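Student: No sequence on hand, only this structure:
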C-alpha cells in the first residue's frame, strides 16, 4: 500500500524494521527523518512500499532510484510537488540518502553546494555513521608500560554524531515579559493602522510605536556606519554656502549653542546639507558617517528622481538594520528608522518630488516631536 497516514516518526520506525531484515542502511532513513518532511512527502507521492509482517507489525521500503529520478528537471510532473519548501525538502538530502542506501550515486559537491549549516551537520553525521569504523583496536599496556600482546577493542562511536538542537541565542534587545506582551500588542495595532497621522501632541498609538522601535542590531553597525579613517566633514571636498539660499529643506530654529552650516559635497553636488552643529564639535575631525553620533543634526535634500521608490506605509519594530515605521505628516508619508540607541533617521518625499532625509541625535519619539516643531515640514 502507498500514501499512508503514518507520521514521519512512525515511518522512520517501520523503515528501520525493514532495514534489519532487508537493508539498506537505516542511517539513510534517519537522515531523511532528521532533516525535514521527506518521509511523509515520499509516502504521499507513492515512493514508499508499506506492507505487514506476518507478526502483524508494519514494514516499509523506499524506492530510492524512482524518488531521486523524480527530482530531475525533465521528470514527469506530479511525481513530487513542484513547490517543495527548500527548508524542509533540500533535494541534496534525498540524493545523499539514496547514495548511503547504495541505490544511486551522488555528486557530493553539487548536493551540498547550497546546504545550510544545520543540514550539512546532519549529512556529515549520516556519512560518519554509515562508513566509519566505530571500533578501535589497541594493545593494552602493562602497569610498567610494556605491551601486553593482548589485543582488544573499544567502541569509540561515530566520528561525527547527530547534532542536537541548540538553544536559540538570547536576544538582548528583546524586552522580557510583560514588556514583550506590550510590544506585541503595539505591533498588532501598528499593522492594523499603517501610516498613522503624526501631529503634536503625538497620539498614544504613534507614541507607543515610536517608543518600541528597536535600534539597529550590533552586528549591522560596523557595516552600516563603517568607513573608519574617513576625513572630517570640512576636509572632505565640500563647498560651503554662507547664506543657505540654495537649500530648500526645513530651516529649524537653532538650539542652545548650535550653529548652522550649509554645504554640498563635491562627490554628490545634487545633495544639499544643512548641519546644526553643537558648540565644541570640530567638523575637521568628525566624518560624515559620525555626524549624528557627535550630536549634529543633519538635513539633506535631493532633487526629484522618477526612479525613486515611494514610501510605503508599514511598521517593523525589530528589523535588524533598525526598527522602522511610517507616519503621515500632513499629506506626506515619512519613514522613521531607529538607527542607533540615540540616533533616528526620518525620510520623506515632498509633493514636488524632492527627497528629504533627516538624522536627529535623539530616540524616535523625541526626534519626531522635534521634527514636527520645525517650519517647512514636510
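Tutor: That came through, no problem. Worth saying up front: this structure is predicted, and the values here are computed from it rather than measured.

Student: Taking the centroid of the chain, which residue is nearest it?
Tutor: For the chain, the residue nearest the mean C-alpha position is residue 320 (7.7 Å; C-alpha atoms, centre = their mean).

Student: ok, now how distant is residue 258 from residue 179?
Tutor: Separation of residue 258 from residue 179 (C-beta to C-beta, to the nearest Å) stands at 35 Å. C-beta coordinates here come from the backbone N, C-alpha and C atoms, glycine included.

Student: scratch that, residue 118 is what I was asking about
Tutor: 31 Å.

Student: So for those two, which residue has more residues nearby?
Tutor: More neighbours surround residue 118 than the other of residue 118 and residue 179, with 14 against 11 (other C-beta atoms under 10 Å).

Student: Just to be sure, the more buried one is in a helix?
Tutor: Yes. Residue 118 sits within a helix when classified using DSSP: H, G, I helix; E, B strand; the rest coil.

Student: Am I right that it is in contact with residue 163?
Tutor: Yes. Using C-beta atoms under 8 Å, residue 118 makes contact with residue 163 at a distance of 6.6 Å.

Student: which stretches of the stretch 251-378 of the chain form helices?
Tutor: Ranges of helices in the stretch 251-378 of the chain, per DSSP state H, counting those that start in this stretch, are 364-372.

Student: and the residue lying farthest from the centre of the chain, what are its phi and psi?
Tutor: Computed with C-alpha atoms, centre = their mean, the residue of the chain farthest from its C-alpha average is residue 144, at 58.9 Å. For residue 144, the backbone dihedrals are phi -90, psi 10 (criterion: degrees, to the nearest 10).

Student: Please tell me how far it sits from residue 152.
Tutor: 19 Å.

Student: Then residue 194?
Tutor: 72 Å.

Student: repeat for residue 250
Tutor: Relative to residue 152, and taking C-beta to C-beta, residue 250 is found at 84 Å.

Student: just residue 370 next, same as before
Tutor: The value you get for residue 370 to residue 152, if C-beta to C-beta is used, is 79 Å.

Student: more neighbours, these two?
Tutor: Per other C-beta under 10 Å, whichever of residue 370 and residue 152 has more neighbours is residue 370, with 18 against 10.

Student: So the more buried one is in contact with residue 362, correct?
Tutor: Yes. Between residue 370 and residue 362 a contact is recorded at 6.3 Å, counting by C-beta under 8 Å.

Student: Pop the domain breakdown of this structure in here.
Tutor: 8-135, 179-372 (automatic domain parsing).

Student: where among these is the average confidence lowest?
Tutor: Least confident of these, judged by mean pLDDT, is domain 8-135 with a mean of 82.

Student: how much space between the residue lying closest to the residue nearest to the centre of the chain once chain neighbours are set aside and residue 345?
Tutor: Distance criterion C-beta to C-beta, 6 or more residues apart in numbering; nearest residue to residue 320, sequence neighbours excluded, is residue 217 at 4.3 Å. Going from residue 217 to residue 345 by C-beta to C-beta gives 15 Å.

Student: higher neighbour count, these two?
Tutor: residue 345 (21 against 17).

Student: ok, that one - contacts?
Tutor: Going by C-beta atoms under 8 Å, 6 or more residues apart in numbering, residue 345 touches 322, 336, 337, 339, 357, 358, 359.

Student: Wasn't residue 51 part of a helix?
Tutor: No. Checked against three-state DSSP, residue 51 lies outside a helix; its state is strand.

Student: hang on, residue 238 packs against residue 264?
Tutor: Yes. Using C-beta under 8 Å, residue 238 is in contact with residue 264, at 6.7 Å.

Student: quick one: common contacting residues for those two?
Tutor: The contact sets of residue 238 and residue 264 do not overlap (C-beta under 8 Å, 6+ apart).

Student: where's the residue lying closest to residue 203 once chain neighbours are set aside relative to residue 306, distance?
Tutor: Nearest non-adjacent residue to residue 203, counting by C-beta to C-beta, 6+ apart: residue 196, 6.9 Å away. As judged by C-beta to C-beta, residue 196 and residue 306 stand 28 Å apart.
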